[in-house]
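K.L.:
Model the following, please.
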Amino acid sequence: MMRLRWALALLALVAGVSVLATPAAGAASIQEVTGFGSNPGNLRMFRYTPDNLPTGRPVVVALHGCTQDAAGYGTNAGWVQLAQQWRFTLVLAQQDTANNASRCFNWFQSGDITRGQGEAASIAQMAQRAVADAGADPQRVYVTGLSAGGAMTAVMLATYPDVFHGGGIVAGIPYGCAASMLEAYSCMYPGRTMTAQQWGDKVRAASGSYTGPWPTVSIWQGTADYTVAPANEGELVKQWTNVHGTDATADTTDTAAGYPHAVYRDGAGQPVVETYTITGMGHGQPIDPGTGPRQCGSPAPYILDVNICAAWYLGHGWGLDG
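P.N.:
Predicted structure coming up:
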């Protein structure tokens, strides 16, 4: 039964250039970028850069879930649309089946979640290459991902807090929950419970001597997710509020598109962690297709039309539309 659950979960989770996709007639296209660094994780880098992008603009790194690919996730989740609309560089990392048969980022392998090693180092190199090529603002680099990509987002925020200013974890798992595929079973479902201090210590140990400032974290979770247990949302809150030196009790609560939204502030009153709890949603990336001001995304497997587009809310929270 556990093997079956893991197999099913893997389906959901887990300077040469080649043109892959064109989001609109006459617009820029998604392109593969090679030679972006030593690439110890053997990943592929794709990038969408709007035409005539000025310097000083932000960079967003997006990480797909298992069985997905870079271009499909970036387009269907709404990130390509927003990159064109709001004028920022979009980096789309892609896993290789040689690393993981289901094309999951290896968020549970110690060699891939350690600073300076494996997939974590490769993704950081992609972000650094994008900043250099676009003359982007290095203080406005963000990372987000779904499922295995969400778990890998937590890895990047923990191991490279000096590179990423903020992150969006969608159906993800706390950093350091698993260090092997076997441990990943219980982390995914029913989830692993630890104290806030224990979770926070894992993050602080991941980045060496780094002492802050720490990236802000936005956490998205469906209440009917049977691949990544909803309990992971609470454990992520404990982890990142502890890192920011505050408690795991929300300071403000409201709704976004009718869904519960909670904000956690630090001692200076700044929002550092937030949660969006998508009532009744299963395992996937929330989208809201349409042409309205807060709409984005296209339905696809594990890209779910629930009338709220996570990419829009994340980008707006990071000031990408400013």
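K.L.:
Pairing partners for residue 303 in the sheet, please.
P.N.:
Under DSSP bridges, the beta-bridge partners of residue 303 are residue 285, residue 300.
K.L.:
What is the neighbour count of it?
P.N.:
Using other Cβ atoms under 10 Å, residue 303 has 22 other residues around it. Bear in mind the C-beta positions are built from the backbone N, C-alpha and C, glycine included.
K.L.:
Contact partners for it?
P.N.:
73, 76, 77, 284, 285, 287, 297 (Cβ atoms under 8 Å, 6 or more residues apart in numbering).
K.L.:
One more: residue 244?
P.N.:
By Cβ under 8 Å, 6+ apart, the contact set of residue 244 is 214, 264, 266, 272, 273.
K.L.:
Now residue 186: closest residue in space that isn't a chain neighbour?
P.N.:
Residue nearest to residue 186 in three dimensions, not counting chain neighbours: residue 192, with 5.8 Å by Cβ to Cβ, 6 or more residues apart in numbering.
K.L.:
What helices and strands are in contact with the helix or strand encompassing residue 31?
P.N.:
Residue 31 is part of strand 30-33 when elements are defined by DSSP states H and E. Where contact means 3 or more Cβ pairs under 8 Å, 6 or more residues apart in numbering; DSSP states H and E, strand 30-33 is packed against strand 19-21, strand 44-48, helix 70-76.
K.L.:
right, so of these, which gets closest to residue 32?
P.N.:
strand 44-48 (5.3 Å; Cβ to Cβ).
K.L.:
how far does that closest one sit from the chain's center?
P.N.:
A distance of 15 Å separates the centroid of the chain from that of strand 44-48, by Cα atoms, centre = their mean, to the nearest Å.
K.L.:
Contacts for that strand next, please.
P.N.:
Under Cβ under 8 Å, 6+ apart, the answer for strand 44-48 is 20, 23, 28-34, 36, 70-71, 74, 79-80, 83-84, 89-94, 96, 126, 129-130.
K.L.:
So which of the contacts of residue 303 is the closest to residue 170?
P.N.:
Distances from residue 170 to these, taken by Cβ to Cβ, are shortest for residue 285, at 5.5 Å.
K.L.:
residues touching the closest one, list them.
P.N.:
Residue 285 neighbours (Cβ under 8 Å, 6+ apart): 65, 73, 76, 77, 146, 170, 171, 297, 302, 303, 304, 310.
K.L.:
Just the pLDDT for it.
P.N.:
If you check residue 285, the pLDDT there is 98.
K.L.:
Could you measure from it over to residue 110?
P.N.:
For residue 285, the distance to residue 110 (Cβ to Cβ, to the nearest Å) stands at 27 Å.
K.L.:
could you say which helix or strand contains residue 131?
P.N.:
Of the helices and strands defined by DSSP H and E, residue 131 is found in helix 118-134.
K.L.:
Check which element follows that helix along the chain.
P.N.:
Using DSSP H and E, the first helix or strand after helix 118-134 is strand 141-146.
K.L.:
where along the stretch 101-250 of the chain do the helices fall?
P.N.:
118-134, 148-159, 181-188, 196-206, 231-243 (DSSP state H, counting those that start in this stretch).
K.L.:
these two touch, right, residue 155 and residue 115?
P.N.:
No: using Cβ atoms under 8 Å, residue 155 is not in contact with residue 115; the gap is 9.6 Å.
K.L.:
Look at those two and report which has more neighbours.
P.N.:
residue 155 (31 against 19).
K.L.:
Now do the same contact list for that one.
P.N.:
Contacts of residue 155 by Cβ under 8 Å, 6+ apart are 107, 112, 113, 120, 175.
K.L.:
Identify the residue spatially nearest to it, adjacent ones excluded.
P.N.:
residue 113 (4.6 Å).
K.L.:
Report the contact partners of the residue nearest to residue 259 when sequence neighbours are not counted.
P.N.:
Leaving out its chain neighbours, the residue that sits closest to residue 259 by Cβ to Cβ, 6+ apart is residue 278, at 5.3 Å. Contacts for residue 278 (Cβ under 8 Å, 6+ apart) come out as 220, 221, 222, 223, 259, 286, 306, 308.
K.L.:
One more: residue 305?
P.N.:
With Cβ under 8 Å, 6+ apart, residue 305 has these contacts: 287, 288, 289, 297, 299.
K.L.:
which among those residues end up buried?
P.N.:
287, 288, 289, 297 (16 or more other Cβ atoms under 10 Å).
K.L.:
start to end distance for stretch 48-64?
P.N.:
Across stretch 48-64, the terminal residues are separated by 15 Å (Cα to Cα, to the nearest Å).
K.L.:
Show me how far that stretch is from its chain's centre.
P.N.:
16 Å.
K.L.:
Can you give me the buried ones in that stretch?
P.N.:
48, 49, 50, 53, 57, 58, 59, 60, 61, 62, 63, 64.
K.L.:
tell me the two of the contacts of residue 305 that are most distant?
P.N.:
288 and 299 (10.3 Å).
K.L.:
Nearest to residue 319, out of the contacts of residue 303: which one, please.
P.N.:
When these are compared against residue 319 (criterion: Cβ to Cβ), the nearest one is residue 77, at 19.2 Å.
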